[in-house]
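Trainee: Next input, structure requested:
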Amino acid sequence: MRSTVLRARVLRRLAPVATVGATLTALSGCTVPVDAVAGLSVTADGHLLGVMLVCGHHIDGATVYVADPDPDREVTAGAWTASHPLTEGVTTWPLDAPSAGWKTTTPLRPLAARTTYVLYGWTKDNSWSSTSVDFTLPDRTALRPGTVLYDRVTEDGEESTVTGPLAEFKSTACARD
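Mentor: Sure, this is the predicted structure:
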């Protein structure tokens, strides 16, 4: 009898620990690994370009959404699926017009003032993703052909949004500072 009571006490004390452990284990699998960098650029005639630098695996498509602190209120502003998985290297495509190699699944909505948008890349099976880049109309207006707006992430996880030449983006964006 004493052994049964002792086991019951131990189980009551361990149950909350086990619950927390199980919860943490379940949550740790919720993020998709990042192996690409998303960016924005413009053409010589001012059309917005998506830029995707795949660092080693693949990306199947990209989405622009309206940023909102409440994830349930985020709205897709545009979405594209590549005709074949994007592999290591850089790819660009127009966000506001049809493009060879891309299927527009949600046409880009007109961008609104005082709104923050986010571009990111994804895979159909959620095996890989890209970093995301936030942008507004003033960010878009400041872009010049041959430059890329993207988020630079350092080894220690510090993020900063930078604009730099496409060649620099290609050579440094996959490397952690």
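Trainee: what's the burial count for residue 53?
Mentor: Each residue near residue 53 was counted by other CB atoms under 10 Å, and the total is 27. C-beta: built from backbone N, CA, C; applies to glycine.
Trainee: does it count as helix, strand or coil?
Mentor: Secondary structure, DSSP: H, G, I helix; E, B strand; the rest coil: residue 53 is strand.
Trainee: Isn't residue 42 up against residue 49?
Mentor: Yes: contact between residue 42 and residue 49 holds when scored by CB atoms under 8 Å: they sit 6.1 Å apart.
Trainee: More neighbours: which of the two?
Mentor: residue 42 (21 against 18).
Trainee: Give the closest residue to the more buried one in space, chain neighbours not counted.
Mentor: Once flanking residues are discounted, residue 42 sits nearest to residue 143: 4.6 Å by CB to CB, 6 or more residues apart in numbering.
Trainee: now swap in residue 108 and tell me
Mentor: Nearest to residue 108 is residue 78, by CB to CB, 6+ apart, at 3.5 Å.
Trainee: For the one you found, list each beta-bridge partner.
Mentor: Going by DSSP bridges, residue 78 is paired in beta bridges with residue 64.
Trainee: Run a quick neighbour tally on it.
Mentor: Using other CB under 10 Å, the number of residues around residue 78 comes to 21.
Trainee: Share the number of residues neighbouring the residue nearest to residue 42, please.
Mentor: Residue 143 has 19 nearby residues by other CB under 10 Å.
Trainee: Relative to residue 88, how far out is it?
Mentor: Residue 143 is 25 Å from residue 88, where distance means CB to CB, to the nearest Å.
Trainee: Just say helix, strand or coil for residue 113.
Mentor: coil.
Trainee: so which strand or helix has the spatially closest residue to residue 142 that is not a sequence neighbour?
Mentor: Leaving out its chain neighbours, the residue that sits closest to residue 142 by CB to CB, 6+ apart is residue 163, at 7.2 Å. Using DSSP states H and E, residue 163 sits in strand 159-165.
Trainee: do the same with residue 84
Mentor: If you go by DSSP H and E, residue 84 is part of strand 75-86.
Trainee: Show me what the very next helix or strand once past that strand is packed against.
Mentor: Going down the chain from strand 75-86, the next helix or strand is strand 89-94, by DSSP H and E. When contacts are defined as 3 or more CB pairs under 8 Å, 6 or more residues apart in numbering; DSSP states H and E, strand 89-94 sits against strand 48-54, helix 166-172.
Trainee: All set now, cheers.
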